[in-house]
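Engineer: coordinates only, sequence not included:
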């Protein structure tokens, strides 16, 4: 019962460094997404994907890149980290888009806490 | 466009007391509504959801919520709080629309503290 797995759980970066947050799910979910969580602001959508080879921007995409080469994996890349990207990042996945599953129910990973100095 | 407002970023109740967490939404189309719970250092997990049909929805751990279209509300309640209910609770809305890519909009969260 792995579900959604995120790595690393904790990371400290210096301004300007790059890194990739990994996300993998074993539930054959077509929909995957990345959120960031900041105090008092809830969760904000960064990028999402509705299937392999298809990605789109969410509410706060600037400074982040994504790709979706397989159904299972959805990495989030920070090309040049900034202090404003200090946050907790959550990956979430959902049922296949066309199967009539519970619309909007997301399955979350445990989060990756990123600090940019 | 859609949005969610959670009234009260922090709520404290005594153990055994009623829990009431407020959520109001705005949506240009009929919504799906959700409550998620986040325990410390964990991801979010679904507590309950409203899609269609009965407006009173029961979830896990004794929680329930009622969809009131006229009030655009989806408040979360539990008759008797338990210490283990201490967590952050998020209300979320998703458009009920064919072809939706399941874009959830989350509220800013309510931290529930249960006092002994």
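Structural biologist: Now that the structure is in, tell me what you want to look at. Computed from a predicted structure; not experimentally measured.
Engineer: pLDDT at the spatially most central residue of chain A, what is it?
Structural biologist: With distances taken as C-alpha atoms, centre = their mean, residue A:34 lies nearest the centre of chain A, 2.5 Å away. Listed pLDDT for residue A:34 reads 95.
Engineer: if I look at it, how far off is residue B:54?
Structural biologist: 33 Å (C-beta to C-beta, to the nearest Å). Heads up, the C-betas are built off the backbone N, CA and C, glycines and all.
Engineer: Chain B contacts on chain A?
Structural biologist: Where chain A comes near chain B, counting by C-beta under 8 Å from any C-beta of the partner chain, the residues are A:4, A:31, A:35, A:40-45, A:48, A:50, A:56, A:58, A:90, A:92, A:94, A:97, A:102-106, A:108-111.
Engineer: count of residues packed around the residue nearest to residue A:8 when sequence neighbours are not counted?
Structural biologist: Leaving aside its chain neighbours, residue A:8 sits nearest to residue A:112 (6.1 Å; criterion: C-beta to C-beta, 6 or more residues apart in numbering or on different chains). Applying other C-beta atoms under 10 Å in any protein chain shown, we find 23 residues neighbouring residue A:112.
Engineer: Give me the pLDDT for residue A:112.
Structural biologist: Confidence score, pLDDT, at residue A:112: 96.
Engineer: again, but for residue A:100
Structural biologist: So, for residue A:100, pLDDT stands at 40.
Engineer: what about residue B:17, is that helix, strand or coil?
Structural biologist: Assigned with DSSP: H, G, I helix; E, B strand; the rest coil, residue B:17 falls in the coil class.
Engineer: I'd say it and residue B:82 touch.
Structural biologist: No: the pair residue B:17 and residue B:82 does not pass the contact test of C-beta atoms under 8 Å, sitting 10.5 Å apart.
Engineer: What's the end-to-end length of stretch B:45-58?
Structural biologist: Taking C-alpha to C-alpha, to the nearest Å, stretch B:45-58 runs 15 Å from one end to the other.
Engineer: Is there contact, residue-wise, from that stretch to chain A?
Structural biologist: Yes: interface with chain A: stretch B:45-58 contributes B:45, B:46, B:49, B:51 (C-beta under 8 Å from any C-beta).
Engineer: Kindly state the beta-bridge partners for residue 56.
Structural biologist: The chain I'm using is chain A. residue A:48 (DSSP bridges).
Engineer: The intended chain is chain B.
Structural biologist: With DSSP bridges as the criterion, residue B:56 is bridged to residue B:66.
Engineer: which residues sit in contact with it?
Structural biologist: Counting by C-beta atoms under 8 Å, 6 or more residues apart in numbering or on different chains, residue B:56 touches B:64, B:65, B:66, B:67.
Engineer: where exactly do the strands run in chain B?
Structural biologist: Using DSSP state E, the strands of chain B run over B:2-7, B:10-14, B:19-27, B:31-38, B:44-50, B:56-58, B:64-68, B:73-78, B:87-95, B:105-106, B:110-115.
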